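Undergrad: have a look at this prediction, sequence included:
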Amino acid sequence: MWRRVASLSPMVSSSSTRSLSRYQAAFGLSVGESFSTEISKQEEGSGLRPKEKAPFITFVLGGPGSGKGTQCEKIVETFGLTHLSAGDLLRREIAMHTKNGDMILNLIKDGKIVPSEVTVKLLQKELESSNSSKFLIDGFPRTEENRVAFERIVGADPDVVLFFDCPEEEMVTRVLNRNQGRVDDNITTMKKRLKIFEALNRPVIDYYKNKGKLYTINAVGTVDDIFKQVLPIFTPFEEQLKQSRRVNPKSPLVENSS
Ligand SMILES: Nc1ncnc2c1ncn2[C@@H]1O[C@H](COP(=O)(O)OP(=O)(O)OP(=O)(O)O)[C@@H](O)[C@H]1O
Ligand SMILES: Nc1ccn([C@H]2C[C@H](O)[C@@H](COP(=O)(O)O)O2)c(=O)n1
Ligand SMILES: [Mg+2]
């Protein structure tokens with residue numbers, strides 16, 4: 001999870017503290033606390049509040065139209081994770097005509113990937129302002145550059161990486177029938193998105209496979225059949241997910257878990 005900053009002396013200087021990610025800071029984590037998921041000695045029996053735990057993060061990968069968003073809805077219903085879709089955040093920038101809106105629109109229309117800095121900053125803002133401590137990050141990371149930027153800017157690793165594995169032909173059929181008015185749901189853009197997926201997302205999939213964090217799901221079948229494969233992936237994390245408290249991560253004080 002968090003970058004290891006433990007074992008620093010309590011005398012650590014404020015300049016070292018500044019090197020913590022803003023996300024760690026936002027979660028009320030200070031030097032030496034970042035890995036602490038337990039009540040410290042000083043707090044034991046003292047009636048003080050337990051320290052904040054690192055958030056539970058799931059990345060959701062898969063080609064365009066593989067069913068990521070559809071399955072995320074079911075995961076949210078069942079496990080209560082907070083859904084953050086990178087694509088939705090980017091489309092919101094377009095709709096709100098922000099300074100990056102036009103640039104994002106042109107890239108999405110052309111099936112290309114938005115610069116990582118932009119996407120990661122949008123995700124970071126959502127993570128920091130959320131009351132949740134368990135997240136489903138859909139459509140991210142799309143590239144190795146995305147992955148590295150998230151590590152650098154947010155300073156967190158995923159606990160679980162889901163990969164919805166779907167044949168191209170099926171993805172094309174689904175996207176062309178989606179009917180949600182998306183500018184990229186046309187055959188020309190779809191062909192480009194598939195090429196980019198193979199070239200840029202495959203290395204990310206391989207990275208998490210090598211780390212032992214990847215769960216590959218056969219994304220062909222009914223929505224319910226596919227979800228039956230997803231369910232057992234979260235079973236080992238059930239207790240952790242139940243215990244995840246809803247706290248305001250911006251608050252330096254952590255709410256009581258009871
Ligand atoms: N198992 C399924 N069988 C048939 N259609 C499906 C299935 N799962 C999702 N769909 C449909 O396929 C389309 C694409 O699904 P969805 O939007 O969930 O994919 P996605 O992976 O999020 O795509 P994108 O990367 O483009 O956002 C939707 O219209 C959805 O209703
Ligand atoms: N990490 C991401 C996620 C999405 N985009 C852009 C490019 C995608 O084609 C488009 C739509 O995303 P989706 O809703 O299919 O997940 O958004 C990106 O550049 N980087
Ligand atoms: Mg989607």
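TA: Structure received. Ligands and ions are numbered 1, 2, ... in the order given.
Undergrad: ranges for the strands of this protein?
TA: Under the criterion DSSP state E, the chain contains strands at 56-62, 82-85, 134-138, 160-165, 214-218.
Undergrad: how about stretch 196-204: buried residues?
TA: Judged by neighbour count (16 or more other Cβ atoms under 10 Å), stretch 196-204 contains these buried residues: 196-197, 200-201, 204. All C-beta spots, glycine's among them, are computed from the backbone N, C-alpha and C.
Undergrad: residues of stretch 65-85 that come out buried?
TA: Here stretch 65-85 shows 65-69, 71-72, 75, 79, 81-85 as buried, counting by 16+ other Cβ under 10 Å.
Undergrad: ok, now which ones touch the residue in the stretch 101-250 of the chain that ligand 1 sits nearest to?
TA: Closest residue of the stretch 101-250 of the chain to ligand 1, Cβ to the nearest ligand atom: R174 (3.3 Å). Counting by Cβ atoms under 8 Å, 6 or more residues apart in numbering, R174 touches 65-67.
Undergrad: format the residues you listed as JSON lines; extra columns: pLDDT and distance to ligand 3.
TA: Shown next, in JSON lines, are these (pLDDT from 0 to 100; distance: Cβ to the ion, whole Å):
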{"residue": "G65", "pLDDT": "98", "distance to ligand 3": "8"}
{"residue": "S66", "pLDDT": "98", "distance to ligand 3": "9"}
{"residue": "G67", "pLDDT": "98", "distance to ligand 3": "8"}
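Undergrad: in helices only, show me those.
TA: Members of these lying in helices (criterion: DSSP state H): none.
Undergrad: any idea how far G111 lies from T70?
TA: Computed as Cβ to Cβ, to the nearest Å, the G111 to T70 distance reads 21 Å.
Undergrad: do F56 as well
TA: For F56, the distance to T70 (Cβ to Cβ) stands at 21 Å.
Undergrad: got any ranges where the stretch 151-258 of the chain has weak pLDDT?
TA: 244-258 (pLDDT under 70).
Undergrad: quick one, phi/psi of the spatially closest residue to I196 that is not a sequence neighbour?
TA: Distances taken as Cβ to Cβ, 6 or more residues apart in numbering place G111 nearest to I196, at 6.0 Å, with adjacent residues excluded. Phi and psi for G111, reported as degrees, to the nearest 10, are phi 70, psi 20.
Undergrad: how deep is G111 tucked in, by neighbour count?
TA: 19 (other Cβ atoms under 10 Å).
Undergrad: can you list the residues of the stretch 51-200 of the chain near ligand 2?
TA: Applying Cβ under 6 Å from any ligand atom, we find that the stretch 51-200 of the chain lies next to ligand 2 at 64, 86-87, 90, 108, 111, 113-114, 119, 139-140, 142, 146, 184, 193.
Undergrad: returning to what we had before: which of the buried residues of stretch 65-85 are close to ligand 1?
TA: Counting by Cβ under 6 Å from any ligand atom, the subset of those that neighbours ligand 1 consists of 65-69.
Undergrad: who's in contact with the residue nearest to K192 when sequence neighbours are not counted?
TA: The spatially closest residue to K192, leaving aside those adjacent along the chain, is G111, at 3.1 Å (Cβ to Cβ, 6+ apart). By Cβ under 8 Å, 6+ apart, G111 lies in contact with 184, 189-193, 195-196.
Undergrad: pipe those residues into JSON lines and attach distance to ligand 1 per row.
TA: Formatted as JSON lines, these follow (distance: Cβ to the nearest ligand atom, whole Å):
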{"residue": "D184", "distance to ligand 1": "7"}
{"residue": "T189", "distance to ligand 1": "10"}
{"residue": "M190", "distance to ligand 1": "9"}
{"residue": "K191", "distance to ligand 1": "13"}
{"residue": "K192", "distance to ligand 1": "13"}
{"residue": "R193", "distance to ligand 1": "8"}
{"residue": "K195", "distance to ligand 1": "14"}
{"residue": "I196", "distance to ligand 1": "11"}
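Undergrad: which of those residues has the most neighbours?
TA: Of these, with other Cβ under 10 Å as the count, R193 tops at 24 neighbours.
Undergrad: done for today, thanks.
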